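A.B. asks: just to be clear, the model below is a prediction. Sequence and coordinates:
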Amino acid sequence: MYNFIVNPHSRSGLGQHIWDKIAVVLKEKQIPYEVFFTKFQKHATQYAKELTSDLQVHTIIVLGGDGTVNEVISGITDYSLITLGYIPTGSSNDFARGLGLPTDPHKALDNILNPGRIHPIDVGVLECPKRTHHFIVSTGIGYDAAICHQAVVSKLKVFFNKVKLGKLTYGGIALNRLFIDPAVTMQITVDDQAPQTFEKTFFVACMNTPYEGGGFKFCPDAKPDDGMLDVIVVHHMTKKRILTLFPKAYTGKHVGLSGIEILRGRKIHIESSQALAVHTDGEPVFLQKSMTATTSPTQLRMILTH
């Protein structure tokens, strides 16, 4: 039995249209399934929690964007009992990009029904004062998170999704935020190493997969199954230089440039000199000065391609 959790509003309503086509194929092939449609924020978390609370084996298929995947993994009771499949219908699809999953809905469904590999992958855990969140792509603080916060309420996102140019949402907002967000002092502690202080820091992102923000390859060597997080620190850069960084970041050629630090560890603790925006998989978290990112001790079984 396949349990589909569908965000019909993903990609500005295209999610429902895609599901309708998927449902036709499932019925033609006589595939047993249940479907749950999300109607409000965190509804996917509620569905996942209800589905997995019996502590039985389940196969959950997510049809939506990275945010819907985030909500689902946040509700799963025991990752070791769940096999997750994904039909990406978001505007950024960094999760699918990072795992090499097909973005064509019919190819994605075929991949799920005829899985090439079922492989364990890490789930990230973000701990902030009084709050714990989960992520599967990345978590970040500062400039990248501020972009995510604004994207959630942006009319640009709705417009670009309708004309199938969803990636441009983040580029447009990034330009706007560049002139608003401050560069601050951040202290980063990796595992049991001595803390490192970075002045004039624009953002720090802890990556479980290589991509975030609609295709930025911030941490090219990040692997979602090694129990580690790759961390990018962007600091001591002029705003003009940051603009020139964006094209390089799409291909990973920013690594090694002055002002770019790549760290790696199992536990990343960040202290900021002032409260800043934080995100998990592009989903906003309240402003924070302190955060700790790790990976869950239990991995999630994921349907991958051949």
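C.D. replies: Cool, got the structure.
A.B. asks: list the contacts of the residue most central in space within the chain.
C.D. replies: In the chain, the residue lying closest to the centroid (C-alpha atoms, centre = their mean) is residue 281, at 2.8 Å. Contact analysis of residue 281 by C-beta atoms under 8 Å, 6 or more residues apart in numbering lists 66, 67, 69, 70, 95, 135, 136, 137, 138, 139. Glycine gets a C-beta too; all of them are placed from N, C-alpha and C.
A.B. asks: find the nearest non-adjacent residue to it, please.
C.D. replies: Nearest residue to residue 281, sequence neighbours excluded (C-beta to C-beta, 6 or more residues apart in numbering): residue 70, at 3.9 Å.
A.B. asks: element containing residue 141, please.
C.D. replies: strand 138-142 (DSSP states H and E).
A.B. asks: buried stuff in that strand?
C.D. replies: For strand 138-142, the neighbour count (16 or more other C-beta atoms under 10 Å) marks 138, 139, 140, 141, 142 as buried.
A.B. asks: contacts for that strand?
C.D. replies: With C-beta under 8 Å, 6+ apart, strand 138-142 has contacts from 94, 124, 126, 133, 148, 181, 184, 186, 201-209, 212, 218, 270, 272, 276-281, 288, 291, 293.
A.B. asks: can you show me the strands along the stretch 151-300 of the chain?
C.D. replies: Per DSSP state E, counting those that start in this stretch, the stretch 151-300 of the chain carries strands over the ranges 184-190, 196-207, 229-235, 260-265, 267-280, 283-295, 300-304.
A.B. asks: let me fix that, I meant to ask about the stretch 1-150 of the chain.
C.D. replies: 2-6, 33-37, 58-64, 82-88, 117-121, 124-128, 131-135, 138-142.
A.B. asks: could you dump the buried residues of strand 138-142 into a markdown table with pLDDT and distance to residue 302 added?
C.D. replies: Shown next, in a markdown table, are these (pLDDT from 0 to 100; distance: C-beta to C-beta, whole Å):
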| residue | pLDDT | distance to residue 302 |
| --- | --- | --- |
| 138 | 97 | 16 |
| 139 | 97 | 19 |
| 140 | 96 | 22 |
| 141 | 97 | 26 |
| 142 | 95 | 29 |
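A.B. asks: can I get those in CSV including distance to residue 7?
C.D. replies: Converted to CSV, these look like this (distance: C-beta to C-beta, whole Å):
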residue, distance to residue 7
138, 20
139, 21
140, 22
141, 26
142, 27
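A.B. asks: nearest to residue 30, of the residues you listed?
C.D. replies: Nearest to residue 30, judged by C-beta to C-beta, of those is residue 138 at 38.8 Å.
A.B. asks: what bridges to the closest one?
C.D. replies: For residue 138, the beta-bridge partners are residue 207 (DSSP bridges).
A.B. asks: check the gap between it and residue 40 for me.
C.D. replies: To residue 40, residue 138 is 24 Å away according to C-beta to C-beta, to the nearest Å.
A.B. asks: so for residue 22, which of the strands of the stretch 151-300 of the chain sits nearest?
C.D. replies: Across those, closest to residue 22 is strand 300-304 (C-beta to C-beta), at 14.9 Å.
A.B. asks: so how far is that closest one off the chain centroid?
C.D. replies: Put simply, strand 300-304 sits 16 Å off its chain's centre (C-alpha atoms, centre = their mean, to the nearest Å).
A.B. asks: same question, stretch 117-129
C.D. replies: 11 Å.
A.B. asks: again with stretch 50-68
C.D. replies: 16 Å.
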